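Colleague: Any chance you can model this:
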Amino acid sequence: MLNFSGIGTPIAKIKNDPAMNNKILCVSTEETNNKMVLSSDNFNLDKEAYFQMIPDQTSERPLCATIFGMQGSGKTYFIADLANEYHNLWNKNPIFCISNKRKDEKIDNKKFIKRIPVEDFIKPDRDGNIININDFVSMSPCLIIFDDIDSLTGIEKKQIYYIVDKILKDHREDGISIIVSLHGYDGKSTTHMLNQCKTLSFFTNSWNKNTDYLLDTYIGATDADIDELQKHKGYGATTFFKTSPHVFLQPKTAFIINKKTRGKKNKVISDDKYLDVSNKVNNIKEFAIKKVGGHKTDPLEEDNDYIPNITNSSIGGPIGLQLQTEKLKQEKEQAKQNKIQEREKIKHEKQQQQAVKRIVKEQLKQQKEQEKTFKKLNKSTTSEINNIKKKMNLDFKQKKNKIKIV
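Modeller: Purely as a prediction, here's the structure:
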């Protein structure tokens, strides 16, 4: 049963209505309850009023949403509004947007959203750090927006899908809220996200075969449900809530699905007879039953531009495997280089030894040549000395003989 009595799970609030502004729409399993004020299986809004989807403040994970929408469908505006609602409730909790887009005014205009490029999950920074899940766990509670991740390719897509899967399966209790934005249903990987998320949003202005498949196979909507949705085709996002009972929410209508008979639609209008609801639920701020790790601060409190630093810890997933493979490859390459350097070193040492041997051999050869030359000179000198002696002896004998004759 849908109600404005604060009973059950909060799913939306009314905006742009003077009398019912910020009144919370809840869904409860109780079919009849005397405490319920303004309850029905369905509600329509008239004039300028519309429903705004809100985080579930009673849950450990306030937001866990998958959003389908082609380019130009209004998907990014819808995400920005959801992020704004989250920030209004917990303005100290960090909000991150992971995308391969360098700029997006609809996101970048929200100064409280910290944009993180996809490559930061793949390529190490100057200190060798890579962003991973544990970095977000250390800063939880937080909201992470994965924008158009099905447009990624290669190792980037594998790593981001791995991180989304880990957050959905293992980190609900950490208070990590998540919004996953996709262009369309693409099979097994998308089915897993749908099974884990609490809400599914799509846009009737881009209604196609994927929409029919999701409504028929995944949601199990009846023909009456689809007829009701198509009455407001082309106006904003349609969100399916996995509450009990299941609910469809559009900007102008909210109704419980699979109801064979709906009866007369109740219109929530600006009328004095509904003002007594304000005694039950004044506004979204007062409705907060549980602050899931958040800060009990006034939503209007000045924002401090909280942008935490992200540092590295252990790496997992495809990029972790890739890094390990690259590390082994680098180690193998380094070992190969070391062997080459060792061989070059041995070769250089041998060349030095051979050069020394050549120099020594050359020196020995020169020494022998010098000795040979010296011997020649010595022999020649000795011969000359002997000749001189002989000549002197001969001269002496001749002089002696002359003396005797005289």
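Colleague: Can you show me the strands along the stretch 151-300 of the chain?
Modeller: Assigned by DSSP state E, counting those that start in this stretch, the stretch 151-300 of the chain shows strands spanning 176-182, 199-203, 237-241, 247-250, 253-256, 266-268.
Colleague: now residue 77, nearest residue through space, not along the chain?
Modeller: residue 106 (5.8 Å; CB to CB, 6 or more residues apart in numbering). The C-beta positions use only the backbone N, C-alpha and C, and glycine is treated the same way.
Colleague: Equivalent analysis for residue 87, please.
Modeller: Excluding the flanking residues, the one nearest residue 87 by CB to CB, 6+ apart is residue 112, at 5.1 Å.
Colleague: would you list the strands of the stretch 151-300 of the chain in CSV and tack on mean pLDDT, mean neighbour count and distance to residue 136?
Modeller: Putting the strands of the stretch 151-300 of the chain into CSV (pLDDT from 0 to 100; neighbours: other CB atoms under 10 Å; distance: least, CB to CB, whole Å) gives the following:
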stretch, mean pLDDT, mean neighbour count, distance to residue 136
strand 176-182, 92, 24, 6
strand 199-203, 91, 23, 21
strand 237-241, 92, 24, 25
strand 247-250, 93, 23, 28
strand 253-256, 91, 21, 32
strand 266-268, 47, 16, 38
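Colleague: Among the ones you listed, which comes closest to residue 70?
Modeller: Nearest of those to residue 70, taken as CB to CB: strand 199-203 at 7.6 Å.
Colleague: Tell me what angle the closest one forms with strand 176-182.
Modeller: Following axes from the mean of the first three to the mean of the last three CA atoms, to 10 degrees, one obtains 30 degrees for the angle between strand 199-203 and strand 176-182.
Colleague: that older thread, mind giving me the packing neighbours of the strand or helix carrying the residue nearest to residue 77?
Modeller: Assigned by DSSP states H and E, residue 106 belongs to helix 105-108. For helix 105-108, the packing partners by 3 or more CB pairs under 8 Å, 6 or more residues apart in numbering; DSSP states H and E come out as helix 75-89, strand 113-117.
Colleague: Distance from that helix to the middle of the chain?
Modeller: Chain-centre distance of helix 105-108: 18 Å, with CA atoms, centre = their mean, to the nearest Å.
Colleague: can you pull the contacts of the residue nearest to residue 77?
Modeller: By CB atoms under 8 Å, 6 or more residues apart in numbering, residue 106 lies in contact with 76, 77, 80.
Colleague: Swap in 10 Å and give it another go.
Modeller: Counting by CB atoms under 10 Å, 6 or more residues apart in numbering, residue 106 makes contact with 74, 75, 76, 77, 78, 79, 80, 81.
Colleague: Please check those residues and keep the buried ones.
Modeller: Among the contacts of residue 106, those classed as buried by 16 or more other CB atoms under 10 Å are 74, 75, 76, 78, 79, 80, 81.
Colleague: need the contact list for the fourth one.
Modeller: By CB under 10 Å, 6+ apart, the contact set of residue 78 is 53, 65, 67, 69, 106, 179, 181, 201, 203, 236, 237, 239.
Colleague: rewinding a little: so how far is residue 26 from the residue nearest to residue 87?
Modeller: For residue 112, the distance to residue 26 (CB to CB, to the nearest Å) stands at 27 Å.
Colleague: ok, now residue 3?
Modeller: Per CB to CB, residue 3 is found 5 Å from residue 26.
Colleague: if we can go back for a sec, in the helix holding residue 106, what counts as buried?
Modeller: For helix 105-108, using 16+ other CB under 10 Å, the buried residues are residue 107.
Colleague: and it, C-alpha only, in PDB?
Modeller: The C-alpha trace of helix 105-108 is given here as PDB (Å, rounded to 0.1, in the frame of the first residue of the first chain):
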ATOM      1  CA  GLU A 105      28.200  20.100 -17.200                       C
ATOM      2  CA  LYS A 106      25.200  18.400 -15.600                       C
ATOM      3  CA  ILE A 107      27.600  16.500 -13.300                       C
ATOM      4  CA  ASP A 108      30.400  19.000 -13.100                       C
END
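Colleague: avg pLDDT for that helix?
Modeller: Averaging pLDDT along helix 105-108 yields 84.
Colleague: Let me see the mean pLDDT of whichever helix in the chain runs longest.
Modeller: In the chain, assigned by DSSP state H, the helix with the most residues is helix 317-405. For helix 317-405, the mean pLDDT works out to 79.
Colleague: Fine by me, thanks again.
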